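Participant: Compute the structure for the input listed below.
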Amino acid sequence: MEKEENQSNTSENQNRDTLKESVKTDEDLNVKNKQDSDKDLAEEIKKPTPEERIAELEDKVARTFAEMENQRRRFEKEKEDAFEYGGYNFAKEALSLIDNLDRSKNVLENDNKLKETDSLKKIIEHLDIIKKDLISIFEKNNIKPIDSLNKKLDPNFHQAMIEIEDDTKEPGTIIQEIQKGFTIKDRLLRPSLVGVSKKITKKEEKTTENEKIEENK
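Facilitator: Reported below is the predicted structural model:
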């Protein structure tokens, strides 16, 4: 009798443990299902709608076309610059021909043995013809000399090398051209080296006045 009672208690305990395990398993399953459901819901929320996906693709396509257009424009600009200014360095070097012609002309004109001779006149004439032809060739290739004399100093085209006192000109007026400048198309090839006018100082004005007084005496 006692044995049967013990067996009954053991059976009840086993059933109770089994029930607890079953409840725990159901709870764990419910938690897992809830976690899976939350995960699926979060993924569904994050997943873009077809309209959003289309808008995103359209934006990417527009950006790609914009970048392609920018690259095309850069290429066209580089090609145009290469065509227009490809001879920039060559043209700059070629200007030394004109400089050498001018130097040769000055040397010959200051040679006392050649002054006032027919030979000098013929040489100077030929040098002028060569220079004229060179400038004509340059101008056909859009390389043009800068007009400087009697112009106001422009830092974009002129470089002042010296100041010359002259009250007959407005200060800053170019009255001497040391080296001629040139442009190629709308770019500066080299600036003109010039001398500009400035007012006579008071000291020199007084000296000039004193000289005039002495002359009148």
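Participant: For Lys199, which residues are in contact?
Facilitator: Contacts for Lys199 (CB atoms under 8 Å, 6 or more residues apart in numbering) come out as Glu165, Asp167, Pro171. C-beta here means a position set from N, CA and C on the backbone, and glycine is covered the same way.
Participant: Repeat that for Leu134.
Facilitator: Leu97, Ile98, Leu101.
Participant: from what I can see the last one touches Asp133, true?
Facilitator: Right, the one you point to is Leu101. No - with contact defined as CB atoms under 8 Å, Leu101 does not count as touching Asp133 (10.6 Å).
Participant: My reading is that Gly195 lies in a strand. Confirm?
Facilitator: Yes - Gly195: assigned to a strand according to DSSP: H, G, I helix; E, B strand; the rest coil.
Participant: give me the element the closest residue to it other than its chain neighbours is part of.
Facilitator: Of all residues beyond its chain neighbours, the one nearest Gly195 is Gln176 (3.5 Å), with distances taken as CB to CB, 6 or more residues apart in numbering. In the assignment (DSSP states H and E), Gln176 maps to strand 174-179.
Participant: Can I get that strand in PDB, CA atoms only?
Facilitator: C-alpha atoms of strand 174-179 as PDB (Å, rounded to 0.1, in the frame of the first residue of the first chain):
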ATOM      1  CA  ILE A 174      53.800 104.400 -71.100                       C
ATOM      2  CA  ILE A 175      56.400 106.600 -72.800                       C
ATOM      3  CA  GLN A 176      59.000 103.900 -73.500                       C
ATOM      4  CA  GLU A 177      58.800 100.400 -74.800                       C
ATOM      5  CA  ILE A 178      61.800  98.300 -73.700                       C
ATOM      6  CA  GLN A 179      60.500  95.000 -75.100                       C
END
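Participant: On the C-terminal side of the lowest-mean-pLDDT helix or strand in the chain, identify the next helix or strand.
Facilitator: In the chain, no helix or strand scores lower on mean pLDDT, DSSP states H and E than helix 2-46, which sits at a mean of 54. Sequence order places helix 50-85 as the next helix or strand after helix 2-46, per DSSP H and E.
Participant: and the helix or strand following that following helix, what does it pack onto?
Facilitator: Next helix or strand after helix 50-85 toward the C-terminus (DSSP H and E): helix 88-109. Helix 88-109 is packed against helix 118-140, strand 182-184, strand 187-190, with contacts defined by 3 or more CB pairs under 8 Å, 6 or more residues apart in numbering; DSSP states H and E.
Participant: Break the protein down into its domains, please.
Facilitator: Annotated domains of the chain cover 2-68, 87-141, 146-217 [automatic domain parsing].
Participant: Comparing the ones you listed by mean pLDDT, which bottoms out?
Facilitator: If the domains of the chain are sorted by mean pLDDT, domain 2-68 sits at the bottom with a mean of 62.
Participant: So Asn112 belongs to a helix, correct?
Facilitator: No - assigned with three-state DSSP, Asn112 falls outside any helix and is coil.
Participant: burial count for it?
Facilitator: Using other CB atoms under 10 Å, the number of residues around Asn112 comes to 6.
Participant: ok, now how distant is it from Asn106?
Facilitator: Going from Asn112 to Asn106 by CB to CB, to the nearest Å gives 14 Å.
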